[in-house]
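Chemist: kindly generate the corresponding structure for this input.
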Amino acid sequence: MKFLFFGQFSDRMNEGGPSFMYPMLFMLLICIALIVYTFVKGDVQGKLKKLISHISLFALVWGFLGMMVGLIGAFDAISKATAIDSGVLAGGLKIGLLSPLFGMIVFLIARLGLIGLTLRK
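Modeler: Okay, the predicted model is just below:
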């Protein structure tokens, strides 16, 4: 079961555009590491909280940038094609939405961590 989940996760990461999805995964790991570090060591000046906030917002925007780039490529392919199947169009839109979805997930996880840090104070 664990291997199945990992396989599906890596498939979705590759489907959503590796050049956008893997940097967001890296941003997610950085945010989680900074949240854990701030919980353990503290953040007197608030710089780490600001950094987490900026990284999470960057991940959100990066995801939407990935969607825009993907949709422009998809619409270019559609404009050159003579006939488009609705299943192909729906599949392309699904792939285009994976990047902003993952960006929103990174954003929400980081924001939940910031809420926890704020409540801890």
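Chemist: quick one: residues contacting Val40.
Modeler: The neighbourhood of Val40, defined by CB atoms under 8 Å, 6 or more residues apart in numbering, contains no residues. The C-beta positions use only the backbone N, C-alpha and C, and glycine is treated the same way.
Chemist: per-residue pLDDT of it, please?
Modeler: Reading off the confidence values, Val40 has pLDDT 92.
Chemist: in what helix or strand does it lie?
Modeler: Take DSSP states H and E as the rule and Val40 turns out to sit in helix 18-41.
Chemist: and that helix, how far out from the chain's middle?
Modeler: Its chain's average C-alpha position is 11 Å from that of helix 18-41, according to CA atoms, centre = their mean, to the nearest Å.
Chemist: repeat for stretch 33-50
Modeler: Taking CA atoms, centre = their mean, one finds stretch 33-50 lying 22 Å from the centre of the chain it belongs to.
Chemist: list the buried residues for that stretch?
Modeler: 34-35, 38, 43, 48-49 (16 or more other CB atoms under 10 Å).
Chemist: can these go into JSON lines with extra columns for distance to Ile105?
Modeler: Below are the buried residues of stretch 33-50 laid out as JSON lines (distance: CB to CB, whole Å):
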{"residue": "Leu34", "distance to Ile105": "17"}
{"residue": "Ile35", "distance to Ile105": "15"}
{"residue": "Thr38", "distance to Ile105": "20"}
{"residue": "Asp43", "distance to Ile105": "24"}
{"residue": "Leu48", "distance to Ile105": "21"}
{"residue": "Lys49", "distance to Ile105": "20"}
